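S.K.: Just need the structure, nothing else, for what follows:
(2 chains)
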Amino acid sequence: MSPIQLEIQLVAAVVAVVCALPGTFLVLRRMAMMSDAISHAILPGIVVGFFLTGNLSSPILILGGAATGLLTVVLVEWMRKTKRVREDAAIGLVFSALFAAGVILIARYAGDVHLDTDAVLLGELAFAPFDRLQIAGYDLGPQSLYSTGLVGLLCATFIMLFYKELKLATFDSALCATLGFLPGLLHYALMGLVSMTAVAAFDAVGSILVVALMVGPPISAYLLTNRLDRMILYSILLAVIAAVSGYWVAHLFDASIAGCMVAIVGVQFGILLCVAPNQGLLAAWQRRKRQRWQFAIKMLVIHLLQHEGTPEAERECRVDHLQDHMAWEKPFAENVVSRAAAQRLLNLVGESLELTATGRELARDAIVHR
Amino acid sequence: MEQLLGDYTFRTVALGTAILGAISGALGAFAVLRRQSLLGDAVSHAALPGVGLAFIITGSKAPLILMVGAGLAGWLATVVVLVITTTTRIKYDGALGFVLSVFFGIGLVLLTFIQKYPDASQAGLDSFLFGQAAALVKQDVITIAVLGGLALVVLVLYWKEFKLLSFDPEFASSLVLPVRRLDLGLTTLLVVAIVIGLQTVGVVLMSAMIIAPAAAARQWTDNLGVMVLISMAIGAFSGVGGALLSTTTSNLPTGPTIVLCASGIVLISVIIAPRRGLVWEKIRRTLQSRRLRSEAILLDLFELARKHESFEHPHMEAALLVMHPDASTLRRQLRSLHSKGLISVHSTGGWALTQEGANTCKELMAKRMR
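M.R.: Prediction:
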């Protein structure tokens, strides 16, 4: 592994982690599409910043982009408050208008400089190591590592300092407001962070892939846990895995690195969607199957308890009677009986069924409590 | 201008963008009403891998083949969103953001593959990112018109059902309408509208073509049929306007110009549309508060007069000033009441109710009692 390869992976991993941090809160606050809106809407801010500085990696660009990101949030909020346009339509309107303005600015005034529209959407990680930060002649490594690292540090500090406030505002905004924690201010602060992250990351991975890295690892992590701190941790881990393995897949197929990272993000989610414990499709299927048998067994013991010791017990408490009474198919009825017998809830005496003490208890419990 | 209208290329482009605007306007109306504005954004991004795959499989750049590929991928994206939201606790916005960005990332990987094809330049595919309205030829316009026309015919045929689905899906299902199939049908029509526009305005800005005309049209009417017609007109108008502006100005790309035109119309509509417009609301509120304030002054005079033998007993401005502390407003209101003949000015400088003023007060009080 050459130093350049290592540096590309490092930049990719840092970008992925930095995106996953605010992304977790976006997903939980049901504002995932704001990452899409902001990552497009920062374009005019970056273009104007570029005109002012003439340098694509100047910190002014990050500030300009963050300002347009916040402008997006304010405009969406304003349109929503007029009640003339619903929130989803407002998001779509604002970001596409700003993006269109950015594309026009580029086409009219920046046609022949290194700020073409392709770079906005696609980005190119492979070039990251060639733009280096040099201070007093010393080579300190790729420039983008520092810009994204700085924003990442800011995100991490903000989340650590305001962890409990963010948690409260995310899960119970009304309580947060009554306790005097200003959820509105937190909202804008978070959106400011999202904007800065989007600008810092967009040079490396392009605007749409910022969305993938903000939304993908957090929703995958959401399938794994019910705890906020774990969700953040898993998002970070998944993001790093996607970054490194994405790089090697791209290397293998000689394809776009950012594109492959996103494809891995998709694969991660696909796998977790199937196999995640509790939340996954497989777990849900098994749970449903188990519950179906449990329910049938419960019905059976209740039925037996009802007729236990009554004159018609001999007729009612038989395996073949279940087909009429419960409308169960023969194999199903036999299966239920053998499962119940295996759990020692009943004994099969000839053709008739007798409850055990445990079975009787289960039936009484089911009648009283459910 | 005349020369421009005679220009064959311009006529082709304008016709194409007009038809496109009308069709996306019609289907966008339903998307906006059903709160699916951002689905258009997701579908247009998600169509990219379909374009790439269609090219890789067939090796052809014919618009129809690429559109079929794009349509299938876009349609698959909506199905994936549906699966995620129905089987997990991940919300609609997270599912949209994930599908949008991951499909797009895979599309980018495919495009980088295609770039390496020895003979085929991928110029035709690149236009899907930002659109190339200026490159529209007669064949494209015919494809757009035929596919869009088909979508409109289906929309008209199932008008009743789609209307019910958009406003009251529960009622629709209680009428034993196949709600899920209708939902799928309407979404498919939306996918068609998006796909035919991709090559002209590009993936990012296509969502604006869906949302903007509909959001503007919503301000002008409360009737679905009228709204769809207005939306189509606004879409077509933005298409022609954008094409015209970008042809007459150098370095002004068509797609973004169309989007900015449409966004401008939304802003104007939100502000000045009759009844729903913000300006009218402001005027209504001002007039109402003015009326309430002058009624209050009149009633106060009435209340003061009741303490005396006749309602014509004059009261000085100073007495009223206690109840209405803003002197200039009070004076203006008194003047206006005087000009309406409800109060008269006494020789001492005091104000008294006229007979008509007293009657008005009694009416007002009776009305408020009710």
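S.K.: Every contact and neighbour count from this point should use C-alpha atoms.
M.R.: OK.
S.K.: Now for the nearest residue to residue B:210 once chain neighbours are set aside, which secondary structure element holds it?
M.R.: Leaving aside its chain neighbours, residue B:210 sits nearest to residue B:28 (4.4 Å; criterion: CA to CA, 6 or more residues apart in numbering or on different chains). Following DSSP states H and E, one finds residue B:28 within helix B:8-33.
S.K.: Quick one: name whatever helix or strand follows that helix.
M.R.: helix B:37-46.
S.K.: Distance from that next one to the middle of the chain?
M.R.: 16 Å (CA atoms, centre = their mean, to the nearest Å).
S.K.: List the buried residues of the next helix-or-strand element following that helix.
M.R.: Toward the C-terminus, helix B:37-46 is succeeded by helix B:48-58 as the next helix or strand (DSSP H and E). Residues B:48-56 are the ones in helix B:48-58 that count as buried (16 or more other CA atoms under 10 Å in any protein chain shown).
S.K.: can helix B:48-58 be found next to chain A?
M.R.: No. Using CA under 8 Å from any CA of the partner chain, helix B:48-58 never reaches chain A; the gap is at least 11.4 Å.
S.K.: hang on, the earlier thing: please name every helix or strand in contact with the helix holding residue B:28.
M.R.: Applying 3 or more CA pairs under 8 Å, 6 or more residues apart in numbering or on different chains; DSSP states H and E, one finds that helix B:8-33 contacts helix B:37-46, helix B:138-157, helix B:159-167, helix B:179-201, helix B:203-220, helix B:224-248.
S.K.: can you pull the buried residues of the following helix or strand past the shortest one?
M.R.: Scanning forward in sequence from helix B:159-167, with DSSP H and E defining helices and strands, the next element found is helix B:169-174. For helix B:169-174, the neighbour count (16+ other CA under 10 Å) marks B:169, B:172 as buried.
S.K.: One more: stretch B:65-84?
M.R.: Going by 16+ other CA under 10 Å, stretch B:65-84 has these buried residues: B:65-78, B:80-81, B:84.
S.K.: do stretch A:16-34 as well
M.R.: Quick answer for stretch A:16-34 (16+ other CA under 10 Å): A:16-29, A:31-34.
S.K.: So which residues of chain A form strands?
M.R.: Assigned by DSSP state E, chain A shows strands spanning A:132-135, A:138-142, A:346-349, A:352-355.
S.K.: how about these, which one is nearest chain B?
M.R.: Of all the strands of chain A, strand A:138-142 sits nearest to chain B, with 24.1 Å by CA to the nearest CA.
S.K.: what lines up beside the closest one in the sheet?
M.R.: The pairing partners recorded for strand A:138-142 under DSSP bridges are strand A:132-135 (antiparallel).
S.K.: any residues touching the strand it pairs with, and which ones?
M.R.: Contact with strand A:132-135 is made by A:139-143, as judged by CA atoms under 8 Å, 6 or more residues apart in numbering or on different chains.
S.K.: same question, stretch A:271-288
M.R.: A:220, A:223-224, B:87-88.
S.K.: Name the residues of that stretch that are buried.
M.R.: In stretch A:271-288, counting by 16+ other CA under 10 Å, buried: A:272-276, A:279-284.
S.K.: That one: end-to-end distance?
M.R.: 20 Å (CA to CA, to the nearest Å).
S.K.: rewinding a little: is it possible to mark the buried ones in the contacts of strand A:132-135?
M.R.: If we count by 16+ other CA under 10 Å, these have these buried: A:141-143.
S.K.: So which of those is the closest to residue A:251?
M.R.: Nearest to residue A:251 out of the buried ones among the contacts of strand A:132-135 is residue A:142 (CA to CA; 19.6 Å).
S.K.: contacting residues for that closest one?
M.R.: Contacts for residue A:142 (CA under 8 Å, 6+ apart) come out as A:7, A:128-133.
S.K.: As TSV, those residues with distance to residue B:33 and neighbour count would be great.
M.R.: What follows is those, written out as TSV (distance: CA to CA, whole Å; neighbours: other CA atoms under 10 Å in any protein chain shown):
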residue	distance to residue B:33	neighbour count
A:7	48	17
A:128	44	22
A:129	48	21
A:130	49	13
A:131	47	13
A:132	50	15
A:133	51	16
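S.K.: Please state the offset of stretch A:138-149 from the chain centre?
M.R.: The answer for stretch A:138-149 is 29 Å, by CA atoms, centre = their mean.
S.K.: What mean pLDDT does it get?
M.R.: The average pLDDT for stretch A:138-149 rounds to 79.
S.K.: Only C-alpha atoms, please: export that stretch in PDB.
M.R.: What follows is stretch A:138-149, C-alpha atoms only, in PDB (Å, rounded to 0.1, in the frame of the first residue of the first chain):
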ATOM      1  CA  TYR A 138       6.900  21.400   5.400                       C
ATOM      2  CA  ASP A 139       4.400  19.000   3.800                       C
ATOM      3  CA  LEU A 140       1.700  18.300   6.300                       C
ATOM      4  CA  GLY A 141      -0.500  16.000   4.300                       C
ATOM      5  CA  PRO A 142      -3.600  16.400   2.100                       C
ATOM      6  CA  GLN A 143      -5.400  19.700   2.500                       C
ATOM      7  CA  SER A 144      -8.900  18.100   2.500                       C
ATOM      8  CA  LEU A 145      -7.800  16.000   5.500                       C
ATOM      9  CA  TYR A 146      -7.400  19.200   7.500                       C
ATOM     10  CA  SER A 147     -10.600  20.900   6.300                       C
ATOM     11  CA  THR A 148     -12.800  17.900   6.900                       C
ATOM     12  CA  GLY A 149     -11.000  17.000  10.100                       C
END
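S.K.: quick one on the thing from earlier: need the strands of chain A in CSV with distance to residue A:230, can you?
M.R.: Shown next, in CSV, are the strands of chain A (distance: least, CA to CA, whole Å):
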stretch, distance to residue A:230
strand A:132-135, 35
strand A:138-142, 31
strand A:346-349, 44
strand A:352-355, 46
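S.K.: okay, now the domains of chain A?
M.R.: For chain A, automatic domain parsing gives the domain ranges A:3-212, A:282-369.
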